[in-house]
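A.B. asks: Kindly return the folded structure for what I paste below:
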Amino acid sequence: MIECIAIKKTYVSGDMETPVLKGVSFTINDGEFVAIMGPSGSGKSTLMHILGALDTPTSGDYKLDGKSVAQLSDDELADVRKNKIGFVFQSFNLLSRTSVLRNVALPLVYAELPEDERDARAAAALKAVGMDESRFHHLSNQISGGQMQRVAIARALVNDPSLLLADEPTGNLDTRTGDIVLGTFQKLHESGRTIILITHEPYVAEHADRIITIKDGEIVSDTKNPHVRSIKI
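C.D. replies: Residues are numbered from 1 along each chain as shown. This is a model prediction of the structure:
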């Protein structure tokens, strides 16, 4: 599904060049649950932006479903981000005075679907992440942090993307609530989703089936995780 070939990324400011990624190569197959782990400044967030088609490498090639992302037009890139990739961020990015259901349905507004179809798909996405139906019509600022993150995950799922990218999704949560969110990702993985989890925490990475560790812009290890921390929700 994903193929990165000698990906390099260098930021240029005036006469100063800052290399962030230094020839990163790996593949991720359809249906894998992979954690990309590294300390702050390791290049993992830059790599996530490239995987999410939000940025382009300075050199090398990134292929998604066999197609080189660099060869896609702006419209094609927009379609990839809208239909193939779901994004989950640390900060939730929910509309505070809007209901849980409407927050999840928001991406479907741009698809010009009828309201009843939007609501039905949003409800299905919320149920997929274990959200209680009694919370659907609460405002997003009336629910807990863990529930907010589940809503954010449901919103990322509502367009039925083939790839889910999660950037430090438990960063704003306590350990118990974070475990519930990680259990949600594991449940989605079991249903066939491809998930890439970006984190600096080994404990979080250990919930994935495979861990790619990046340091100073280079991959230092890429291993199957023999002892996955499994959480049932």
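A.B. asks: Return the distance of the spatially most central residue of the chain relative to Val80.
C.D. replies: Closest to where the C-alpha atoms of the chain average out (C-alpha atoms, centre = their mean) is Leu165, at 1.5 Å. Distance of Leu165 to Val80, computed by C-beta to C-beta, to the nearest Å: 12 Å. Yep, even glycine has a C-beta here, placed from its N, CA and C like the rest.
A.B. asks: ditto for Arg155
C.D. replies: Distance from Arg155 to Val80, by C-beta to C-beta: 18 Å.
A.B. asks: the more surrounded of these two?
C.D. replies: Remark: of Arg155 and Val80, Arg155 carries more neighbours, 26 against 19, as counted by other C-beta atoms under 10 Å.
A.B. asks: okay but that one is in contact with Leu126, surely?
C.D. replies: No: using C-beta atoms under 8 Å, Arg155 is not in contact with Leu126, being 9.2 Å away.
A.B. asks: which residues are in contact with both of the two?
C.D. replies: Common contacts of Arg155 and Leu126 (C-beta atoms under 8 Å, 6 or more residues apart in numbering): Val104.
A.B. asks: now the strands for this structure?
C.D. replies: Counting by DSSP state E, the chain has strands at residues 2-13, 16-28, 33-37, 59-64, 67-68, 85-89, 163-167, 194-199, 210-215, 218-224.
A.B. asks: Rebuild the ones you listed as a markdown table, extending it with distance to Asn141.
C.D. replies: As requested, these are arranged in a markdown table below (distance: least, C-beta to C-beta, whole Å):
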| stretch | distance to Asn141 |
| --- | --- |
| strand 2-13 | 36 |
| strand 16-28 | 35 |
| strand 33-37 | 30 |
| strand 59-64 | 35 |
| strand 67-68 | 40 |
| strand 85-89 | 17 |
| strand 163-167 | 22 |
| strand 194-199 | 26 |
| strand 210-215 | 35 |
| strand 218-224 | 40 |
